[in-house]
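Engineer: Got a predicted structure plus its sequence, pasted below:
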Amino acid sequence: MPPVRIRERGKTKKGTLKRLIKELFKRFPAQLIVSALCIIFNIFANVCSSLFMGVVTLTLSTGIQNGLNPLVDPVPVKYLGIPINTTVTNLIIALVIIYTIGVFASWFWNRTMAIVTQKFMNVFRKAMFNHMQDLPIRYFDTHAHGAIMSLYTNDIDTIRQFISQALPTTLSAGLAIIFSFTVMMMQSIWMTLVVIFCAFLMLLNTIIIGGRASKYFIKQQIQVSVVEGDIEETIQGLKVIKVFSHEEKSKQTFDLKNEQLRKHATSANIAGNTMMPINGNIGNFMYVLTAIMGVLILVIPGFKNLSLTSYREIAAADFYSIITSFLMLSRMFSNNVNNFSQQVTFIVMGMAGASRCFDLLDEQQEKDEGYVELCHIKKNLDGSIEETSEKTRDFAWKHFHKADGTTTYTEVKGDIVLTDVDFAYNPDKTILHNISIYAHPGQKIAFVGATGAGKTTITNLLNRFYDIADGKIRYDGININKIKKDDLRHSLGIVLQETNLFTGTVMENIRYGRLDATDEEVYEAAKIANAYDFITRLPQGFNTMLSGDGANLSQGQRQLLSIARAAVADAPVMILDEATSSIDTRTEKLVQDGMDKLMKGRTVFVIAHRLSTVQNSNAIMVLDHGRIIERGTHDDLIAQKGVYYQLYTGAFELE
Ligand SMILES: Nc1ncnc2c1ncn2[C@@H]1O[C@H](COP(=O)(O)OP(=O)(O)OP(=O)(O)O)[C@@H](O)[C@H]1O
Ligand SMILES: [Mg+2]
């Protein structure tokens, strides 16, 4: 089945919101619940303070009317049908306390959410990275590396915005809308109708202009990744651009992409920036309309009777208090409708980003059904072998037989047999046909053939980067599918066709081949690879820092380090893919001698374009379009006067 491609930017998979919230709750249940409680309390405090303002107005006016000093004398009043008998001073103290707790709750949830967001980002990135490490090579063949990179930058950032901002604001605004609406309904249906009408206008504005803004924000996000991709490619290909004097062309291409980004960003920001003021103005309009409605209720007696729910006959002064708190609540209502609509874009973008990250996490990891393990062994005098925890560097395959519960040990010798192997990267095109190879311990097997003939592909099958379609590969008589992938790769020392060095010292880069190698073993491996001399001439010798894939070294030097890395691995089987292609012939000869010494009694697969490299092989396989067309020793093949002979004498080029 072809792998699922990275979701197109801006597209959201169903159920993403639920999944993201679930992931969050799974990890930070306490913090989220406490934050939600703080948000609820904060909104409650806001609504309460509006109501308190109403009570303060009522107490103040009633007290003065009755000839009392409401600051010190308790005034009996009824507010929304509830009897209250206290002083204005007490009310103000209570108001200050509620406000203070509200502010504290708001500070607390903001702080908690900031911590939760960063922690979640940390574990999410880690989960993605760990998952990515175990994805099959095929995944990276079929996904652009820039697109994978942008999951860790752009997409993660939209999730951050969602968790830290959109999620709490939506909850808080939603609650504020519900609370304030309920209390407004309790105070006056007529005035609430005005609020509903204006809220409808705001909603309309949010859907029309906010919807446009979301669309453009997503376009902007897509274009940011296009521009980033262009910059990345330009930096990587800088030398090629300069060699072909393509600087102008490269600037023009960038200009076009950059201009497109400006257009989308402008449209997004215009739409985004106009939505807020329009909603704000509708809010102001609502404020005035509500006040007018309040006055109407007051002056038209019949209207007043219809307008109030629980207290029909009240004095005008009492009604002022209701209008005071109602206006505050309607302000709170409209502000929160505005806040709510502002989050729509962040939610849409966050969900699209999360969808893409989840796709990576859902990508199926490399399966490993292997159960045969590699273990260190001790050889007894009677020739028997015994598993040991010592690092003897003599190995055996530990094979547990389910049927009878026994465990057998097979000494690792490096006997590799491929029988009738077929393979295809894509089902529609078979790359290798009927490949059969017998490599006995201590033999050196060479693959030669034209570019694209399938040499690297064979080695990709030996280390199980890919699985074969048909046929069998046996390693010391065991089907390699039964061997644990890690252990199989442990038993192979590989120099890949493309050299890769990591940021770190030369020493660390060589030791990458075997982490427990001593300094002496690293020096020894460097000598075998003939890298010792040039390393000691580097400014800090083995402690010289390498960066940017070894940019401070020559291509040949980088290759020598890769060989040293494979040499330090000290594995029973070596695979050298074009290991010496960038090395001068004199150094190559020295490397070969070193390797030959190292490889005594081990199996080596060599791939080389230079036929001089493979002359001393026990068997040379000539590959053409995925088939072995000739095989034998150098002398056999020369005597055959076939393709190898023609290649060797320069009379023929493989196609
Ligand atoms: N990851 C891949 N996905 C699809 N096809 C691939 C992949 N890698 C290689 N191929 C195809 O498989 C064929 C064999 O490639 P391979 O890398 O084995 O050639 P090679 O003999 O090592 O060539 P070279 O001498 O250039 O290194 C080529 O036709 C190539 O296009
Ligand atoms: Mg190759």
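Structural biologist: Okay, I see it. Ligands and ions are numbered 1, 2, ... in the order given.
Engineer: what is the mean pLDDT for the helix or strand in which residue 158 is found?
Structural biologist: Following DSSP states H and E, one finds residue 158 within helix 156-161. Helix 156-161 shows a mean pLDDT of 93.
Engineer: contacts for it?
Structural biologist: Residues outside helix 156-161 that contact it (C-beta atoms under 8 Å, 6 or more residues apart in numbering) are 20, 117, 121, 124-125, 221, 346, 349-350, 352-354, 357. From N, CA and C alone the C-beta is placed, and that goes for glycine too.
Engineer: Now do the strands in the stretch 401-550 of the chain.
Structural biologist: For the stretch 401-550 of the chain, the strands defined by DSSP state E, counting those that start in this stretch occupy 407-411, 416-426, 429-439, 444-449, 470-475, 478-479, 492-495, 504-505, 545-546.
Engineer: Can you check which of these gets nearest to ligand 2?
Structural biologist: strand 444-449 (9.0 Å; C-beta to the ion).
Engineer: So what touches that closest one?
Structural biologist: Outside strand 444-449, the residues that touch it by C-beta under 8 Å, 6+ apart are 437, 439, 455, 458, 596, 599, 603-609, 611, 613-614, 616-624, 644, 647, 654.
Engineer: re earlier: now render the strands of the stretch 401-550 of the chain as JSON lines, adding mean neighbour count, distance to residue 579 and mean pLDDT.
Structural biologist: JSON lines is the format used below for these (neighbours: other C-beta atoms under 10 Å; distance: least, C-beta to C-beta, whole Å; pLDDT from 0 to 100):
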{"stretch": "strand 407-411", "mean neighbour count": "14", "distance to residue 579": "27", "mean pLDDT": "91"}
{"stretch": "strand 416-426", "mean neighbour count": "17", "distance to residue 579": "18", "mean pLDDT": "94"}
{"stretch": "strand 429-439", "mean neighbour count": "17", "distance to residue 579": "17", "mean pLDDT": "93"}
{"stretch": "strand 444-449", "mean neighbour count": "24", "distance to residue 579": "12", "mean pLDDT": "92"}
{"stretch": "strand 470-475", "mean neighbour count": "18", "distance to residue 579": "21", "mean pLDDT": "94"}
{"stretch": "strand 478-479", "mean neighbour count": "15", "distance to residue 579": "27", "mean pLDDT": "94"}
{"stretch": "strand 492-495", "mean neighbour count": "24", "distance to residue 579": "4", "mean pLDDT": "89"}
{"stretch": "strand 504-505", "mean neighbour count": "14", "distance to residue 579": "21", "mean pLDDT": "91"}
{"stretch": "strand 545-546", "mean neighbour count": "16", "distance to residue 579": "19", "mean pLDDT": "90"}
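Engineer: Of these, which is nearest residue 203?
Structural biologist: The minimum distance between residue 203 and the strands of the stretch 401-550 of the chain falls on strand 416-426, with 50.3 Å, by C-beta to C-beta.
Engineer: Can you tell me which helices and strands that closest one packs against?
Structural biologist: With contacts defined as 3 or more C-beta pairs under 8 Å, 6 or more residues apart in numbering; DSSP states H and E, strand 416-426 has these neighbours: strand 429-439, helix 455-462, strand 470-475.
Engineer: what's the spacing between the helix or strand hosting residue 358 and its chain's center?
Structural biologist: Per DSSP H and E: residue 358 is located in helix 316-362. Centre-to-centre, helix 316-362 and its host chain are 29 Å apart (C-alpha atoms, centre = their mean, to the nearest Å).
Engineer: The next helix or strand after it pairs with which strands, parallel or anti?
Structural biologist: The C-terminal neighbour of helix 316-362 among helices and strands, as given by DSSP H and E, is strand 373-379. Strand 373-379 has the following strand partners under DSSP bridges: strand 385-387 (antiparallel), strand 395-400 (antiparallel).
Engineer: Can you say which of these is nearest to ligand 2?
Structural biologist: Across these, ligand 2 has its closest neighbour in strand 395-400 (28.0 Å, C-beta to the ion).
Engineer: Please identify the buried residues of that closest one?
Structural biologist: Within strand 395-400, the residues scored as buried using 16 or more other C-beta atoms under 10 Å are 395, 396, 397, 398, 399.
Engineer: got it, and stretch 104-120?
Structural biologist: 105, 106, 108, 109, 112, 113, 116, 117, 120.
Engineer: what's the answer for stretch 616-627, then?
Structural biologist: So for stretch 616-627, counting by 16+ other C-beta under 10 Å, buried means 617, 618, 619, 620, 621, 622, 623, 624, 626.
Engineer: dump the residue contacts of the residue in the stretch 451-600 of the chain that ligand 2 sits nearest to.
Structural biologist: Here the stretch 451-600 of the chain gets closest to ligand 2 at one residue, residue 456, 3.1 Å apart by C-beta to the ion. Counting by C-beta under 8 Å, 6+ apart, residue 456 touches 497, 577, 607.
Engineer: ok, now how distant is it from residue 498?
Structural biologist: Plainly put, residue 456 is 10 Å away from residue 498 if you go by C-beta to C-beta, to the nearest Å.
Engineer: before we move on, what about residue 64?
Structural biologist: Taken as C-beta to C-beta, the span from residue 64 to residue 498 is 88 Å.
Engineer: for residue 415, same thing?
Structural biologist: With C-beta to C-beta as the criterion, residue 415 and residue 498 are 29 Å apart.
Engineer: Compare neighbour counts for these two and give me the winner.
Structural biologist: residue 415 (21 against 10; other C-beta atoms under 10 Å).
Engineer: show me what contacts that one?
Structural biologist: 439, 440, 441, 474, 475, 476, 477, 603.
Engineer: I'd like the residues you listed written out as TSV, with distance to ligand 2 added.
Structural biologist: Below are the contacts of residue 415 laid out as TSV (distance: C-beta to the ion, whole Å):
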residue	distance to ligand 2
439	18
440	24
441	25
474	24
475	22
476	26
477	28
603	19
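Engineer: And the residues you listed, which is closest to residue 422?
Structural biologist: Nearest to residue 422 among the contacts of residue 415 is residue 474, at 16.0 Å by C-beta to C-beta.
Engineer: Name the nearest residue to that closest one, sequence neighbours excluded.
Structural biologist: residue 417 (4.7 Å; C-beta to C-beta, 6 or more residues apart in numbering).
Engineer: Next one: that neighbour from residue 571, what distance?
Structural biologist: 18 Å.
Engineer: Can you say which helix or strand has residue 251 in it?
Structural biologist: Residue 251 belongs to helix 247-299, assigned by DSSP H and E.
Engineer: other SSEs contacting that helix?
Structural biologist: Short answer (3+ C-beta pairs under 8 Å, 6+ apart): helix 247-299 packs on helix 189-205, helix 211-236, helix 301-307, helix 316-362.
Engineer: So which of those is the most surrounded?
Structural biologist: helix 316-362 (a mean of 21; mean count of other C-beta atoms under 10 Å).
Engineer: Which strand or helix spans residue 605?
Structural biologist: Going by DSSP H and E, residue 605 is part of strand 603-607.
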